[in-house]
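**Q** curious how this folds, go ahead:
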Amino acid sequence: KLQFLYFIGSYVKNMSVADFDTFVNEKVKPWVANSEFDEGVKEAAAAYLKGFEAQKVFIEKAISMKKPGDEKMQELLNDTTKQLEAVGSAHSKNSRNSTSKYTQTLEEGAMALAWVTVPTPVGHVTETISAAMFYGNKVLQEAKEKEPTHVAWVKEFKSVLESLIEYIKEHHKAGVSWGSVSGGAAEEEETSAPTGGNSVQAYDEFLKSVEAVKTTTIDTHADLSEMAATLSDAFGAQRAFLAAVETHSKPSDDIFMECLGPQCKLMEEMTSAGEKLKKNRDLDLYVKTFEEAAQLITWVSVPTCVGQVKEMSAQVLFYANKIGMANKGDDKVKTWGDNIKAMLKELEQYVIQEHKQGLMWGNGDKLKPSDIAEVKRTKVAAPEQQSALFAELSKGTDISKGLKKVDDSQKTHKNRTGEAKPVDLDELEKKKAAAAPRAGPRGFPTGDEKLALEGKKWVCEYQVGTRLEMKKLEIEVDKSHAVYIYGCQFAFIKIIGKVNSITLDKCRKTQVQFESCIGSLECTSVEGTEVQVTGKVPSVSIDKSTEVMLYLSRESTDAEINTSASTCLNVTVPGKTDEDDTIELNIPEQFVSHIKGNKISTTPMDHAG
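**A** Take a look at the predicted model:
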């Protein structure tokens with residue numbers, strides 16, 4: 001039986017090489033033969049053929065060895081890289097000729113060769129075809145009547161790349177299919193994380209989407225390398241935690257929190273990495289996206305795992321969508337945004353499949369910190385390495401042009417401290433207690449917590465949780481009560497019953513859910529706050545606040561919303577029917593005013609496109 005399985009495995013691997021050989025002989029070579037009508041085109045097409053032949057050698061090696069480390073990977077890709085450079089060189093020499101659009105098409109299309117470096121190769125080649133045909137379609141229009149053979153040449157080129165997609169779907173849909181045998185000097189870097197059972201293997205599939213986010217982030221903004229690597233490390237630490245959960249039973253709450261120590265530490269590192277970039281306004285939305293994404297790992301700490309993932313995902317998408325809107329037409333940003341969305345979807349599907357009712361514990365001894373494998377930290381590569389290498393090659397002969405200089409203060413490997421230290425429970429508790437006051441310098445008050453009914457007013461003050469564990473409160477009210485919420489951070493407050501009025505003042509990362517309000521809901525100087533009404537509220541006022549998400553019930557869609565000196569305000573309302581998706585609406589932040597006689601007329605600014 002083992003011999004039979006080995007035979008089948010060898011057969012599949014050999015078919016991978018044989019089918020690629022067929023692709024080169026039946027698709028690439030005939031097209032190259034038809035590319036001799038111009039010297040520049042001929043040179044670029046010849047580089048394509050050599051590139052695919054080098055890729056065949058790469059695939060032969062890949063299926064017979066474990067995936068190597070970055071340095072060895074670059075060595076394996078060296079011949080492919082040279083041909084990418086050759087295509088760029090051919091276009092540079094041809095840029096002033098009448099066939100420059102032809103070689104521009106080929107230069108854009110050459111990025112298809114980089115499919116072996118990404119976890120989602122089908123999507124990568126599909127996007128490459130779109131980029132190449134931007135110029136290819138111009139060739140088609142110009143050659144339609146004058147040069148019908150050139151029209152056929154462009155269509156044949158597109159067919160070559162589409163055939164590559166079919167090959168990838170058949171043999172490497174989730175990325176290059178590496179073998180299981182060490183390849184001498186090209187051995188895979190060892191990791192201390194255990195293989196794990198089915199649940200962990202499913203998590204490994206999710207981690208591919210995290211890796212895609214990291215890669216495209218570094219490719220889009222080198223300054224975000226540390227945040228991208230920290231997010232990857234956080235999910236890596238969670239993977240080690242889940243592997244231990246599979247074979248152990250649930251410990252006491254104190255020990256459980258200690259077991260989450262490595263993940264807590266990485267969440268803190270994400271905040272620190274973000275603080276370094278706060279002064280860069282161009283990266284502000286990216287920083288907030290990653291800070292919210294780091295909170296995705298908190299799903300392991302709550303019984304309603306799926307709800308937590310959906311809630312955190314909404315926060316991530318809030319900023320990611322803003323980035324997309326501000327960078328329409330930027331293919332790199334679009335790819336980054338698509339990868340963010342794919343990561344969120346993959347995590348949600350994983351949690352639904354494996355931990356829908358909370359963490360699925362094993363039957364062994366109670367979990368303790370020493371049971372969790374130590375995971376190697378990511379070494380952040382410079383932007384010209386790994387996938388970014390291929391992106392830069394498409395620029396031409398001098399691939400070093402345009403690369404961002406990174407000084408020592410930005411290099412993660414020179415600034416990271418205290419890696420892989422053992423978790424100290426007392427120290428962890430201190431950090432947990434200090435998590436909320438850390439925001440004090442940013443203008444959020446701290447003090448002694450309070451929850452009391454004073455006359456007819458409920459006073460809820462300084463209720464502070466952490467990014468990992470929200471402080472949860474319930475307040476039972478009647479219609480004569482007012483609720484005043486002040487100085488709360490990382491808190492979830494549920495107001496039960498009909499209330500007279502609700503005020504939130506100087507709160508951060510606070511969630512409030514209430515049934516109905518007779519008067520008004522007021523938010524003053526709040527940040528990153530969500531408020532949901534399940535019944536009726538007639539009026540909402542938001543002043544000097546940022547990042548407020550208001551969820552209205554169908555009954556409250558006629559509420560009057562007054563805003564002033566506030567930014568990033570969103571309202572979510574029900575769809576047409578209860579089965580339809582909810583609709584998210586942005587409250588305008590910019591306005592246009594016109595003087596008409598002795599009066600001013602002001603309307604929201606209309607952003608074209």
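**Q** pull up the distance across stretch 482-498, start to finish.
**A** 10 Å (C-alpha to C-alpha, to the nearest Å).
**Q** tell me the mean pLDDT for it?
**A** Averaged over stretch 482-498, pLDDT sits at 94.
**Q** can you pull the buried residues of that stretch?
**A** 482-493, 495, 498 (16 or more other C-beta atoms under 10 Å). Where you see a C-beta, it was placed from the backbone N, CA and C, and this is true even at glycine.
**Q** how about the longest helix belonging to the chain: buried residues?
**A** Longest helix in the chain by number of residues (criterion: DSSP state H): helix 121-146. For helix 121-146, a neighbour-count test (16+ other C-beta under 10 Å) marks 121-125, 127-129, 131-133, 135-136, 139-140, 143 as buried.
**Q** wasn't L207 part of a helix?
**A** Yes: under DSSP: H, G, I helix; E, B strand; the rest coil, L207 sits within a helix.
**Q** in strands only, show me the buried residues of stretch 482-498.
**A** Using DSSP state E, the members of the buried residues of stretch 482-498 that fall in strands are 482-486, 489-493, 495, 498.
**Q** ok, Q513 touching I493?
**A** Yes: the pair Q513 / I493 is scored as a contact, 7.5 Å apart, by C-beta atoms under 8 Å.
**Q** what's the closest of the buried residues of stretch 482-498 to A222?
**A** Checking those against A222 by C-beta to C-beta gives F490 as the nearest, at 31.3 Å.
**Q** give me the number of residues near the residue lying closest to that closest one once chain neighbours are set aside?
**A** Leaving aside its chain neighbours, F490 sits nearest to G465 (3.7 Å; criterion: C-beta to C-beta, 6 or more residues apart in numbering). G465 has 20 neighbours, counted by other C-beta atoms under 10 Å.
**Q** for G465, grab phi and psi.
**A** The phi and psi values for G465, taken as degrees, to the nearest 10, are phi -110, psi -150.
**Q** so what's it up against?
**A** The contact partners of G465, taken as C-beta atoms under 8 Å, 6 or more residues apart in numbering, are 436, 471-472, 489-492.
**Q** looking at it now. What's its pLDDT?
**A** pLDDT, G465: 85.
**Q** nearest spatial neighbour of the residue most central in space within the chain, skipping sequence neighbours?
**A** Centroid-nearest residue in the chain, with C-alpha atoms, centre = their mean: I340, separated by 2.9 Å. Excluding its sequence neighbours, the residue lying closest to I340 (C-beta to C-beta, 6+ apart) is A320, at 4.8 Å.
**Q** likewise K356?
**A** According to C-beta to C-beta, 6+ apart, the nearest residue to K356 is V306 (6.0 Å).
**Q** thinking again about what came up before, right, and the residue nearest to I340 touches D338 too?
**A** No: contact criterion C-beta under 8 Å: A320 and D338 do not qualify, at 9.8 Å.
**Q** which of these two has more neighbours?
**A** Using other C-beta under 10 Å as the criterion, A320 and D338 rank with A320 on top: 26 against 18.
**Q** state the helix or strand in which the residue nearest to K356 lies.
**A** Using DSSP states H and E, V306 maps to helix 305-326.
**Q** buried sites along the helix or strand just after that helix?
**A** Using DSSP H and E, the helix or strand that follows helix 305-326 in sequence is helix 331-354. Neighbour-count burial for helix 331-354, with 16+ other C-beta under 10 Å as criterion, is recorded at 333-344, 346-348, 350-351, 354.
**Q** for helix 331-354, packing partners?
**A** helix 121-146, helix 198-220, helix 284-294, helix 305-326 (3 or more C-beta pairs under 8 Å, 6 or more residues apart in numbering; DSSP states H and E).
**Q** ok now it, how far from the chain's centre?
**A** For helix 331-354, the separation from the chain centroid amounts to 6 Å (computed by C-alpha atoms, centre = their mean, to the nearest Å).
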